[in-house]
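[1] need a structure here:
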Amino acid sequence: MAEASIALKLQDNFSQAIINMRNACTPFRSDVTELQKELDRLNGKRVDLKVDLTRAKNELAQARRAFKEAEAGTDEMEKATKRAALAAAEADYSNLTEQLSVVSQQARRTQRDIDAASDAASRADNRAGARNNGGAGSGGAAGGDVLGTLGKAGLMGMLGQSLGQVTDTFLGSALGGSVGSALSGGISGAAAGAAIGSVIPGIGTAIGAAVGGLTGLVGGAADIFKEQDDAFKSYVRDQYGSLQSARTAELESGGQIASGRETSLTSFATLLGGRENAVSYLDEVKTLANSTPFLYDDITGLSKTMLTFGTAVDEIIPTLTAVGDTGAALGMGTADINTVATALGRMQSTDKASLEYINLMTERGIGALNWLAEKDGISVAQVYENISKGNYSGREVADFLIKRMQKDYGGAMEEQSLTYAGLSSTMEGWTQEMRSAQGDAYNEKAKLGLQDNIAFLQGEAGAALEQMNAYIGEGKALAENLSGQYQREAMSALLLGGPTSLYGEEQAGTLQAMHEEYAALQKQFDEGDDESKAVAAANMERLKSAAEGLAEDAYNVSDTAKGVQEAERDLVKALQDNTAALQAHMPEYLMGQQQDKGQAASAFSQFMLGPKGDGEGGFSTAWTQRMEAEGDLLAAGMGVNSHATGLKRVPYDNYFALLHQDEEIVPASEARGRASGGGGGGVVITGNEFHIRQESDIQDVARELMQEIRLARLAGEYGL
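    The predicted structure follows:
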């Protein structure tokens, strides 16, 4: 009875210990479940942010191109609009990048918490398994210890999570997100390690905390490097994209500038009586544009206006210089300068000094009336009277005003060109020159390609291509018409009943049944109350959608649709076959691989190839030099470092040698032992008689023995 009582008591305590052990593991499993839900949510958020970031990146590139194009123009409102759009796109991209970084950090922290909780639960389960297999004799006290240990482990895990959140918040605020995350990871890891150490025998809380803390710090350091590496990759991608966008915009802008100047050249060739005259004049325009606040297009526009009004070619640049100096002195814009030049040109071409033309100048701050009064020694009122009577010659007044502008305001453009605004304008002019150089060279070569394309399209192949496109267009229309006919017949059968021409017997029967149902619904709607009408209308809508779906399905399985789909599949297969055969995807793949390389790639490249990437000073150079020093003559077959008859000793470390069959390499210790007569490789001499007649014979015998031993070793008698 006593033994039975003891057995019963032990079994009961063991069961309770297992129950307690399972209960102690429950918080870990609960933590893992909740953390996994949080990780799933964060990963989903990360996917959404990456999609949004790709969209924002594309929009930013488009905004940059649009702003570059607007900058090349003269519309200030458009510039401001594009600048605002670019700022908004940059802000959106920056915001999404920051959000993705924050979510990624939180996801990594959550994953570390999951790993810690899962590890603790797994080890607790293992401890419970060990208790189940061999703990029957431990009694209730041992079960209580396990419960207490697991309880402390759970509390330490919860404490570690809390400390990790607190330190992540405060240290992240003080030191930055990456450093804060690393330190909080170390604290969380220490708590998790302490929890695990308290569960596993032989480790202990302190050792577990130390190992866990170190693991957390190492993980945090890896996270910091990864974040830096991600920032490195992102920066390189963005920089590459920005440079590519800038080069594209530069070429587009340069092409437009060059094209506009080519058009101006053609126009001035007509106005000035030949291409040579136009080239000469436009060279003067370019010189003026590059040394004044005027831009090239501004001057050509003013020049055309003045030529239209009959201004002599040799008077245009001096007139524009005088007007430009006046405009610079009085703070005029390009539009005002254009107006003044136009007024002077009209006076010269019409030979009339009308008040209308004079007012255009006085409204912009030019004292034309006072200058005329001063010249003639009369009052301004008398000047008005002379103008009204037509007493002034328009040409004479224009010439006088130009000379007076030169006298009063001469050199103002040069002075203004040294201001920030003037330098900015001059810089813009030179920038246009640089872009025009690229665009002009591009356009000249591109014109050859355009001419070839035009010749192709005008030739026999072009006529065949035109016919092919006509076939394609007609075929698409026929397919769409057939799809429409399926829809029309389905709706006619539904609404009116009757036969169809495209549908098979089964589909036609379905449509007939739908028509009968529709007729019943019509009657229900006409005769029913409001509730019945609502139900009938909903079912009518169902029938309409079903008929449309049936029509679409019927068309999709028709021979026409199958043929179109098969052609599309064949196109995809042809693209796959061609891409595989030509490896056409490799440039894009290699570019992606290059952009995926991080900071370590640069360090590795410098180690292998040297700091300049030319192989000088890198590992490859050192290796090559060593190989050349040791093996250049050997590679040429000259036998250097070839020891077919043996080698007494290796002269230095890392010695290169050409070895032969049956030769043996022995460790240095064994070789030294042999040399000293001890260790492995000792020689025992038997079966010989030595006759010593005098003391010197001993040395002679020893010397001869040593020589024979050496010869025997070299010959392989002892397997050496």
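
[2] What residues does T339 make contact with?
    360, 364 (CB atoms under 8 Å, 6 or more residues apart in numbering). Just so you know, the C-beta spots here come from the backbone N, C-alpha and C atoms, and that holds for glycine as well.

[3] Check A537 too.
    F525.

[4] before we move on, what about M514?
    Taking CB under 8 Å, 6+ apart, we find M514 in contact with 493-494, 543, 546-547.

[5] Pipe these into a markdown table and attach pLDDT and secondary structure per row.
    Output for the contacts of M514, formatted as a markdown table (pLDDT from 0 to 100; DSSP: H, G, I helix; E, B strand; the rest coil):
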| residue | pLDDT | secondary structure |
| --- | --- | --- |
| A493 | 93 | helix |
| L494 | 93 | helix |
| L543 | 93 | helix |
| A546 | 93 | helix |
| A547 | 93 | helix |
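
[6] Among these, find me the one that's closest to K37.
    A546 (40.5 Å; CB to CB).

[7] Without its sequence neighbours, what residue ends up closest to the closest one?
    Once flanking residues are discounted, A546 sits nearest to M514: 6.7 Å by CB to CB, 6 or more residues apart in numbering.

[8] list the buried ones in the helix or strand where Q406 lies?
    According to DSSP states H and E, Q406 maps onto helix 394-409. By neighbour count on 16 or more other CB atoms under 10 Å, the buried set for helix 394-409 is 394-395, 397-402, 404-406, 409.

[9] For it, enumerate the helices and strands it packs against.
    Here helix 394-409 touches helix 313-330, helix 334-350, helix 368-376, going by 3 or more CB pairs under 8 Å, 6 or more residues apart in numbering; DSSP states H and E.

[10] Output the first one as CSV, nothing but the C-alphas.
    Provided in CSV are the C-alpha atoms of helix 313-330 (Å, rounded to 0.1, in the frame of the first residue of the first chain):
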residue,chain,number,x,y,z
VAL,A,313,20.9,96.0,-91.0
ASP,A,314,23.9,97.9,-89.8
GLU,A,315,21.8,100.1,-87.6
ILE,A,316,20.1,97.2,-85.7
ILE,A,317,22.9,96.2,-83.3
PRO,A,318,23.7,99.9,-82.4
THR,A,319,20.0,100.6,-81.9
LEU,A,320,19.5,97.5,-79.8
THR,A,321,22.6,98.4,-77.8
ALA,A,322,21.3,101.9,-77.1
VAL,A,323,17.8,100.6,-76.3
GLY,A,324,19.3,97.8,-74.1
ASP,A,325,21.5,100.3,-72.2
THR,A,326,18.4,102.5,-71.6
GLY,A,327,16.3,99.5,-70.5
ALA,A,328,19.1,98.3,-68.2
ALA,A,329,19.4,101.8,-66.7
LEU,A,330,15.6,102.2,-66.2
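
[11] ok and it relative to helix 334-350, angle-wise?
    140 degrees (axes from the mean of the first three to the mean of the last three CA atoms, to 10 degrees).

[12] what's in contact with helix 313-330?
    By CB under 8 Å, 6+ apart, helix 313-330 touches 272, 277, 281, 284-285, 288, 292-294, 299, 302-303, 306-307, 311, 332-333, 336-337, 340-341, 344, 364-366, 402-403, 405-406, 408-413, 415-416, 422.

[13] so G301 touches N338, yeah?
    Yes. The pair G301 / N338 is scored as a contact, 7.0 Å apart, by CB atoms under 8 Å.
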